[in-house]
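Engineer: Can you look at this prediction? I've put the sequence above it.
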Amino acid sequence: MREQYGTMERPADPVDTSNVLAGLAHRFAALWQRATGHPGANPCAQLHGEVLHFSLEQALTAQQADLADNDEGYAVVVRDVSTTFDRLYPQLADEMERNLHCYVGAMQVELVPGLRGVHIQVQLREAPGLWRLNRLPGSCI
């Protein structure tokens, strides 16, 4: 049985997010590799409240990681990663909305230079059904 909220159709029963989050993490990694040429490692997606966190290690080049070791360089690399994510956003947002039954909003980028990693947080909006999700820790290994 399904319930309708506004223009989004929501599942009436709990949704197991483990496979959904794993699928979103791998989709993020695949889109990242296509956009940057860097496959990354250990793709991860976790849901904390109404924020979806993506992590991907080895996503930055060695040069980007070195540059991100100081405040000025960090800001430059964050802008670069944000620009890259903006190109991936339409495809990934569609999957997030479809699989998590909500809308996606603002995002924030953080870097982990030691792991050459990126962390991207995406705000989920108009998500009255999120409380029904069976929230497992995420897809992280």
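Structural biologist: Happy to help now that I have it.
Engineer: all helices of this structure, in order?
Structural biologist: All helices of the chain, identified by DSSP state H, fall at 17-36, 62-67, 71-100.
Engineer: So which other helices or strands are in contact with the shortest one?
Structural biologist: If contacts are counted by 3 or more Cβ pairs under 8 Å, 6 or more residues apart in numbering; DSSP states H and E, helix 62-67 sits against helix 71-100. From N, CA and C alone the C-beta is placed, and that goes for glycine too.
Engineer: ok, now with 10 Å
Structural biologist: Contact partners of helix 62-67 among helices and strands, from 3 or more Cβ pairs under 10 Å, 6 or more residues apart in numbering; DSSP states H and E: helix 71-100, strand 103-112.
Engineer: try the longest one
Structural biologist: With contacts taken as 3+ Cβ pairs under 10 Å, 6+ apart, helix 71-100 sits against helix 17-36, strand 51-57, helix 62-67, strand 103-112, strand 117-125.
Engineer: Buried deepest among the ones you listed, which one?
Structural biologist: When these are scored by mean count of other Cβ atoms under 10 Å, the highest mean neighbour count falls to strand 51-57 (a mean of 22).
Engineer: Neighbouring strands of it in the sheet, and parallel or not?
Structural biologist: Next to strand 51-57 in the sheet, as set by DSSP bridges, lie strand 41-48 (antiparallel), strand 117-125 (antiparallel).
Engineer: Out of these, which gets nearest to Ala35?
Structural biologist: strand 117-125 (11.9 Å; Cβ to Cβ).
Engineer: which residues touch the residue nearest in space to the middle of the chain?
Structural biologist: Nearest to the mean C-alpha position of the chain, by Cα atoms, centre = their mean, lies Phe54 at 3.5 Å. In this structure, Phe54 makes contact with 21, 24-25, 27-29, 32, 43-46, 85, 92, 96, 107, 109, 118-122, 138-139, judged by Cβ atoms under 10 Å, 6 or more residues apart in numbering.
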